[in-house]
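Engineer: sequence first, then the predicted structure:
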Amino acid sequence: MDRRLLLAIALMLVVLLAPQVLFPPEPRPNVPADTAATVAADSVFDSAVASRVPAVQPELREARDAAVAPARTVVVISDHYEFTFSSVGARLTTATFPAYQDLQREDSTPAQLLPANSDFLRYHLVTGRDTLQLDSWSFTPSADTVRVGPEGGEVAWTAERNGVRVDLAYRFQPEQYLFTASGAVTGAGNELLMLVDLGPRLRSVDGDTTADIGSYGVVTKAGGTERMSFRSLDAGERDALVGPFEWVAVKSKYFVAALMTIEEGQPRIGGALVTGGQRTGKLATEVATRVSLPAPGGRFVFSFYAGPQEYRRLARIGHDFEDVNPYGWILRPIIRPVANFIVRIMLWAHENLHLAYGWVLILFGLAVRIVLWPLYQKSMRASMAMQAVQPEMKALQERHKQDPQKLQQEMMKLYKEHGVNPLGGCLPMLLPMPILFALFFVFANTIEFRGVPFLWIPDLSLADPLYIIPVLMGASMYLVSKIGMRGMPDNPQAKMMLYIMPPMLTLLFLRFSAGLNLYYAISNIAGIPQQWAISKERLRRLGNRT
């Protein structure tokens, strides 16, 4: 039973995790992220969104060739971020975070999320059947530099053209990556709709560029969260996402930019139009996202988050914003709670015990093994009990091989007489699996472990460059299995698994995060004393019987 269970677990690991190793996204050409072409989205919403928001007629759009004053740059600085805005369109041009390094560079450069000529916070105002392209308007800012203090900070913008005036204000908070945008439009009527662009992507600032770009997606929150991967759209393909939404986000592996309407009384986001953009092989690097925002009476308000996917920070914002990072794939209902629990434990241990995350992970592996020690003990002893009745089971199988129903009855009777639970050796072995699966997603998606070194490992979230930890994991798995076979009858199938499973899992885990491999290795090593004690007990029972 245990051998079949181990084989089933191995197959589950292969099915769930092997695609990440065997079929990774094709790497993109070595083109600097800031110079890659951006994609302009067509602002005509299809029929699914047209039922909720007015259509935009491209032939009636405002001409873009009006004279534009030279752009001014406005810099907003806090302890956590530095945002820059252009006076042309009042759009966001850079978002830099001093606490996070650009891991594609070796000079400790802070991570800067936005590519050159990005579309984040490009505004378009729909007035009846016309569209005013506010992204080409020259706005006058209230200041060129804003330092966000304990009371926050603000920059106001004004622009006017052809009798239409736009007043806009951005209000910043000192401890948050979230700021509020509010605006008023006069001279354009009352039935207005603001279209706001997000994208076409975030810059890749991580060591594993392929994994980072493979995580690109658009996430929306209505009743629940829905995620659309960039790779699901071909170049030029459009998809209308029908709201109302509380927020619409564009994400990478560790960072996110989101437009949010989460305050009481704010009109919700009406919908979003996403358009597939640049693609290299299987790797989709760009998707243009345009969000529709009601502006009743010419007024609109929303919040904008640009920053790290820190679980606790996102959870404090509420509205399921922490769910922007989807742990678990098809096992999400099981994996997500376990992953969140693990993250909380590790963050608490790191902050309160003042231990490096590598040591926290080692202690966590030991603690899990200690907590589950009684269940492992029960499982191993149940296996010994099954082994003890094997001769009688074989005799029953030979005696009733022509009568399956009678055989089943006699086997249940045998189990009852000897106090054997045929599932007793299997069920406790399943308990550690959600933890192992959860840790796979924790180290693949949790920004707190991004770029964290431990001993010779430069980054616990990436593979061990020397492959020492996965080899140690495979060796420890072999040793645990070898000790567990002491005192057991000779079994060719068990021997085959002993020599096949550890190498197979080692190859599978080679490219997984060093943190995951470290946990698995520590768990195996911590289980050796228990496995040794059980094998000695098995040998004593075997000696007493002989």
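Structural biologist: That came through, no problem. These numbers come from a predicted model, not from an experiment.

Engineer: if I look at residue 163, how far off is residue 186?
Structural biologist: Applying Cβ to Cβ, to the nearest Å, the value for residue 163 to residue 186 is 9 Å. Where you see a C-beta, it was placed from the backbone N, CA and C, and this is true even at glycine.

Engineer: I meant to write residue 229 there.
Structural biologist: Taking Cβ to Cβ, one finds residue 229 at 41 Å from residue 186.

Engineer: same question, residue 111
Structural biologist: Note on residue 111: its distance to residue 186, by Cβ to Cβ, is 39 Å.

Engineer: just residue 112 next, same as before
Structural biologist: 36 Å.

Engineer: so for these two, which residue has more residues nearby?
Structural biologist: residue 112 (19 against 13; other Cβ atoms under 10 Å).

Engineer: okay, helices next: where are they in the protein?
Structural biologist: Assigned by DSSP state H, the chain shows helices spanning 2-22, 47-50, 209-214, 311-317, 332-352, 357-371, 373-388, 390-399, 404-418, 427-430, 432-445, 468-484, 492-509, 514-545.

Engineer: as a whole number, average confidence for the third one?
Structural biologist: Averaging pLDDT along helix 209-214 yields 82.

Engineer: ok, now the last one?
Structural biologist: The pLDDT scores in helix 514-545 average 79.

Engineer: give the other helices and strands that it contacts.
Structural biologist: helix 357-371, helix 373-388, helix 432-445, helix 468-484, helix 492-509 (3 or more Cβ pairs under 8 Å, 6 or more residues apart in numbering; DSSP states H and E).

Engineer: buried sites along that helix?
Structural biologist: Neighbour counts over helix 514-545 (16 or more other Cβ atoms under 10 Å) mark 514-527, 530-531, 534-535, 538, 542 as buried.

Engineer: any idea how this structure splits into domains?
Structural biologist: 71-326, 351-372+431-546, 384-430 (automatic domain parsing).

Engineer: among those domains, which is nearest residue 345?
Structural biologist: If you check each of the domains of the chain against residue 345 by Cβ to Cβ, domain 351-372+431-546 wins as the nearest, at 6.7 Å.

Engineer: about what we covered before: lowest mean pLDDT across the helices of the chain, which one is that?
Structural biologist: helix 47-50 (a mean of 38).

Engineer: I'd guessed residue 152 sits against residue 169; true?
Structural biologist: No: applying Cβ atoms under 8 Å, one finds residue 152 not in contact with residue 169, separated by 11.9 Å.

Engineer: ok, back up a step: relative to residue 344, which of the domains of the chain is closest?
Structural biologist: domain 71-326 (8.1 Å).

Engineer: tell me the pLDDT at residue 320?
Structural biologist: Model confidence at residue 320, expressed as pLDDT, equals 84.

Engineer: so it touches residue 221, yeah?
Structural biologist: Yes: Residue 320 lies in contact with residue 221 (Cβ under 8 Å); the separation is 5.7 Å.

Engineer: circling back: do you know which of the domains of the chain lies nearest residue 378?
Structural biologist: Minimum separation from residue 378 across those (Cβ to Cβ) falls at domain 384-430, 5.8 Å.

Engineer: pretty sure residue 103 sits against residue 205.
Structural biologist: Yes: assessed by Cβ under 8 Å, residue 103 is found in contact with residue 205 at 6.3 Å.

Engineer: and the two? Which one has more around it.
Structural biologist: residue 205 (25 against 22).

Engineer: check the spacing between that one and residue 123 real quick.
Structural biologist: To residue 123, residue 205 is 26 Å away according to Cβ to Cβ.

Engineer: mind putting the helices and strands packed on helix 514-545 in TSV, distance to residue 255 and mean neighbour count included?
Structural biologist: Listed next are the helices and strands packed on helix 514-545 as TSV, based on distance: least, Cβ to Cβ, whole Å; neighbours: other Cβ atoms under 10 Å:
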stretch	distance to residue 255	mean neighbour count
helix 357-371	20	18
helix 373-388	39	17
helix 432-445	11	22
helix 468-484	27	20
helix 492-509	27	16
